[in-house]
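J.: 3D model of this:
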Amino acid sequence: MAIVTWDELLQGDELAYRTEIPARRADVVPIPDGLHPLVLDSLAGLGLDGLYRHQAEAFHAAERGEHLVVSTGTASGKTLAFNLPVLNALAEEPKLRALYLYPTKALAQDQARALAAFKLPRLRPAIYDGDTETERRWQIRKWANVILTNPDMLHVGVLPHHDRWGDVLQNLRYVVVDEAHVYRGVFGSHVANVLRRLRRAAAIYGAEPQFLLASATIANPGELVESLLGVKATVVGKDAAPHATRTVAFWNPPLLDEELQLRASALGEGAKLLADLVERGQRTICFAKSRKAAELIHRFASERVGPELAARLSPYRAGYTPAQRRDIERRLVEGDLLGVTATDALELGIDIGLLDCALSVGFPGTVASLRQQWGRAGRRSQGLAVLVASEDALDQFFMREPETLMGRQVEAAILDHSNPRVLDGHVLSAAFEAPLDGRDTAFLGDEALTRAEALAETGELKKTQAGFVWSGRDYPAARFSLRSTSPESYAVVEADSGSILGLVEKERAYSTVHDGAVYLHMGEAYHVLGLDHESHTALVEPFSGDFYTQAKKETMTSIEEPELVEARLAMEVSFGRVSVTEQVIGYQKKSIRDQATLDLVPLLMPETTFETEAVWYLPEDWMLHGVDEMPRLLGTLHAAEHSMIALLPLWAMCDRWDIGGLSTNLHHQTGRPTVFIYDGHAGGVGIARRGFDQIEGWVGDTAALLAGCPCESGCPSCVQSPKCGNLNDFLDKAGALTLLQRMLKGAA
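T.: Residues are numbered from 1 along each chain as shown. Below is the predicted model:
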């Protein structure tokens, strides 16, 4: 296909930025000596006569017996980097076993196809997940030497029944953890404990497997491995794969209301670009942040092109049957499909062939995710990558400051495996799997024994001569989910089908699934019919209305223990443990179209208190000079808190919804104006700590966000928050900018 230029499309006021990223040549090295003849034949059959340098480095590190993490760009051949040492070991000794862990079933399916392509006679891969038929499970345990599964299955299906897996664990040579950057926050903290339990279970059977991890480019791959596994790993991070020239464009929907800073729909603009590109024969993927958005962009784009072209467009999202998804993937690879609208289910490393263009409608939350999405296009010939902005604060910040995104380092993936709210369930599970004693700290960490002592006092564990053992009748792994820090969760149940859509932590349930709330799950809207405190269920039905709800709540924060107190930005900045008490006292219905308040409904929910980690700071008097009269002081602190929460995801791989905050003109413990920003999950998972460590850069970004926003007194693109407990009352944008600029001046 002839290379096209994008010039005729990328014009007008909507084009906020454009640049060209030059092509890069591959750095290819010879295939390493010493590979088994069967593997050499297999590589030759695939047409490979050399490796990218990072693939060879990974192979040599694995051969030296090191744990390793490959952290290179999209389409850089990470799969071959971890497959090669595994295939070589299995060719030499087919009795050895390898375990491959994937965050999604689709990725496991894709990897099973990739392994089959090697056509190695001694390779016996099999998928073992919730869809695997019962009668096949014992067969897989017996004969498969590569078992592809996911952390949830490892947690409840493998480790509690390790006696059935004795042969696998005894011969376990390699554990592959793909898409490791996904394991962050609460989920990552749980998965870290599951992987440590796996290391312990293997040791019981006399094995010490090597871990091979693959990750998108993140700021801290070595640190992530240490957090996940408790071991040091070799980092292979210099990408030697080629890429073609890529045009990058930022597209800002036209302004409809200058005063309110309301813009045209990002979905409509995304659909228009998608239609224009496929009409030019460009194979395009368009990423949206929700299922509903993906479906709408598909519909809008189909309406803009003729029926013949519309038949070559398809949406792709979670919720489709495996057969439907396989069919879409096949049509993409074969070139039958020209345009696909997708949720981030396709952001991860599924092989979907060669695409020309990648559109991202809305900043996906992290720079790492955006680069994953953009990396889908232009792998072999010139490509186009476009960010279509929503009205969100981060999106608009990047439209005004494009170089801060283009030149930005990817974020750090953070987790905290020792958070007691996460760790306790895994200590109980480990004690069920085998008696737990001091030797197990080598796997589970020093904190595990301390928690075991505490759990023995509550009667959940029993102290015996062999160590701590589980005192219950059931098995504890089945009691908790890997997605929550709270054992007390509310199930969100669809009224018609009775199916469970998800779990909401008790601390969040009162503000997200209260009676009358509009609840979002995987981008779909549901109306909450009722919240039952006894059965811990929220009954919901699909919702297609044009409003959303926002809880009004009263919040109080108490400092439990400052762990770090430093002079930063010319003031006192602290990090430590706090307790947060919240009570929902009502909710607001707001119009999706123009954010207008439609109704304020009174509601009184029970008070909740949870302990978490926070960063807090005490501005000096001179920083507040001129904005220190009430109510301006409160508005200044409140707006600074909101805008800092909006920007924290750029420093820690998290979502705005993972973070809470409180600002007060007079805190009962500090006796001064104080701003708190805390982890929204009980116990904390490292987000606030990352903010404390990086506070100078974080405040600098936030000041730039406020200075660049063209609105007069504050809008959703700067200081207004969709989750504010005070319903965005008392927000002083100018005061917040004054405060943040003075903080930066103090650091200079």
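J.: distance-wise, check Leu107 relative to Leu624.
T.: Distance of Leu107 to Leu624, given as C-beta to C-beta, to the nearest Å: 51 Å. Glycine gets a C-beta too; all of them are placed from N, C-alpha and C.
J.: what of Gln588?
T.: 30 Å.
J.: next: Arg451.
T.: Distance of Arg451 to Leu624, given as C-beta to C-beta: 43 Å.
J.: could you check how far the closest residue to Ala413 other than its chain neighbours is from Leu501?
T.: The shortest distance from Ala413 to any non-neighbouring residue, by C-beta to C-beta, 6 or more residues apart in numbering, is to Arg184 (4.1 Å). Using C-beta to C-beta, we find Arg184 at a distance of 23 Å from Leu501.
J.: those two: which is more packed in?
T.: Counted by other C-beta atoms under 10 Å, Arg184 and Leu501 do not tie: Arg184 has more neighbours, with 28 against 17.
J.: and the more buried one, what's its pLDDT?
T.: pLDDT, Arg184: 86.
J.: how about the residue minimising distance to the centre of the chain: what's its closest non-neighbour residue?
T.: Nearest to the geometric centre of the chain sits Val182, at 5.2 Å (C-alpha atoms, centre = their mean). Excluding its sequence neighbours, the residue lying closest to Val182 (C-beta to C-beta, 6+ apart) is Pro103, at 4.6 Å.
J.: which stretches of the stretch 151-300 of the chain form helices?
T.: For the stretch 151-300 of the chain, applying DSSP state H, counting those that start in this stretch gives helices covering 151-153, 166-170, 185-204, 221-229, 266-279, 291-304.
J.: turn the ones you listed into CSV, columns for distance to Trp138 and mean neighbour count.
T.: Formatted as CSV, these follow (distance: least, C-beta to C-beta, whole Å; neighbours: other C-beta atoms under 10 Å):
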stretch, distance to Trp138, mean neighbour count
helix 151-153, 15, 21
helix 166-170, 11, 17
helix 185-204, 18, 24
helix 221-229, 29, 22
helix 266-279, 47, 23
helix 291-304, 36, 21
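J.: so which of these comes closest to Pro37?
T.: helix 166-170 (26.8 Å; C-beta to C-beta).
J.: what residues does the closest one touch?
T.: Residues outside helix 166-170 that contact it (C-beta atoms under 8 Å, 6 or more residues apart in numbering) are Arg97, Leu99, Arg141, Lys142, Ile147, His162, Ala201, Ala202, Ile204, Tyr205, Gly206, Ala207.
J.: export it as CSV, just CAs?
T.: Provided in CSV are the C-alpha atoms of helix 166-170 (Å, rounded to 0.1, in the frame of the first residue of the first chain):
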residue,chain,number,x,y,z
GLY,A,166,3.4,-31.8,43.3
ASP,A,167,5.0,-33.0,40.0
VAL,A,168,4.6,-29.6,38.4
LEU,A,169,6.1,-27.7,41.5
GLN,A,170,8.9,-30.2,41.9
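J.: how far off centre is that helix?
T.: Taking C-alpha atoms, centre = their mean, to the nearest Å, the mean C-alpha location of helix 166-170 is offset from the chain mean by 32 Å.
J.: looking at the chain, which helix or strand does the model trust least?
T.: Every helix and strand of the chain was ranked by mean pLDDT, DSSP states H and E. The lowest is helix 322-334, at a mean of 73.
J.: helices or strands up against that one?
T.: helix 105-116, strand 313-316 (3 or more C-beta pairs under 8 Å, 6 or more residues apart in numbering; DSSP states H and E).
J.: nice, that's everything, thank you.
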